[in-house]
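In: Got a sequence here, can you build the structure:
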Amino acid sequence: MNVLKDKNILTNGKGHMRTKKEIKEEQLKESKQLILEIKRVCEQLGLSQKELAKKIYCEQNDDDNEKGIKDFSSAFAKQIQRSTTQPERLKEYLSVISRLPEFKKSDLVRNKYIPLGHLSDLMQNEMLKISKELDEKFRNKEIEEDWEE
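Out: Sure, this is the predicted structure:
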């Protein structure tokens, strides 16, 4: 991102200007969505957060050091409670989760947008908004159904 004369306005290299506050708000919103996705996948795989943390730790590290697992589990639990956790970290967790044997055996699918360059930036942004709205509606529907059971 390039900083313009006003230090509070940034550009993403494509000419779109946003304030630092707008960027921060987007990151918080994205983090909240990613946290919900991690929790949803955890629940659908039938794993506790502690079990999931252990699996992530073991995938990311070539050991099963009990102290390392305990420390990571504690940090992981805190990170998926805070919307201030960086989206990149949460995306990495989801990436690791999608490589777990339990995930591969399940009927779960991880949505991932891959821009192919066929749409203008404006159209891509609008499609992304629609996709996020649909994801939110489906999540809300799942929550309603869970409460009804």
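In: name the helices or strands packed onto the helix or strand where Lys70 lies?
Out: Using DSSP states H and E, Lys70 sits in helix 66-79. Packing partners of helix 66-79 (3 or more Cβ pairs under 8 Å, 6 or more residues apart in numbering; DSSP states H and E): helix 49-60, helix 87-99. Where you see a C-beta, it was placed from the backbone N, CA and C, and this is true even at glycine.
In: Okay, now the unreliable bits of the chain?
Out: 1-16, 108-117, 138-149 (pLDDT under 70).
In: about what we covered before: tell me how far the helix holding Lys70 lies from the chain's centre.
Out: In terms of Cα atoms, centre = their mean, to the nearest Å, the gap separating the centre of helix 66-79 from the centre of its chain is 18 Å.
In: what's in contact with that helix?
Out: Applying Cβ atoms under 8 Å, 6 or more residues apart in numbering, the contact partners of helix 66-79 are 49-50, 52-54, 56-58, 61, 85, 89-90, 93.
In: Can you tell me which of the helices and strands packed on helix 66-79 is most buried?
Out: helix 49-60 (a mean of 18; mean count of other Cβ atoms under 10 Å).
In: what angle sits between that helix and helix 66-79?
Out: For helix 49-60 against helix 66-79, the angle by axes from the mean of the first three to the mean of the last three Cα atoms, to 10 degrees is 120 degrees.
In: can you pull the contacts of Ile38?
Out: Ile38 makes contact with Leu52, Ile80, Leu90, Tyr93, Leu94, Ile97, according to Cβ under 8 Å, 6+ apart.
In: element containing it, please.
Out: Element membership for Ile38 (DSSP H and E) is helix 20-44.
In: Could you list the buried residues of that helix?
Out: For helix 20-44, burial by neighbour count (16 or more other Cβ atoms under 10 Å) applies to Gln27, Glu30, Ser31, Gln33, Leu34, Ile35, Glu37, Ile38, Val41, Cys42.
In: Can you lay out those residues as CSV showing distance to Ile69?
Out: Shown next, in CSV, are those (distance: Cβ to Cβ, whole Å):
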residue, distance to Ile69
Gln27, 28
Glu30, 28
Ser31, 24
Gln33, 27
Leu34, 22
Ile35, 21
Glu37, 23
Ile38, 18
Val41, 20
Cys42, 16
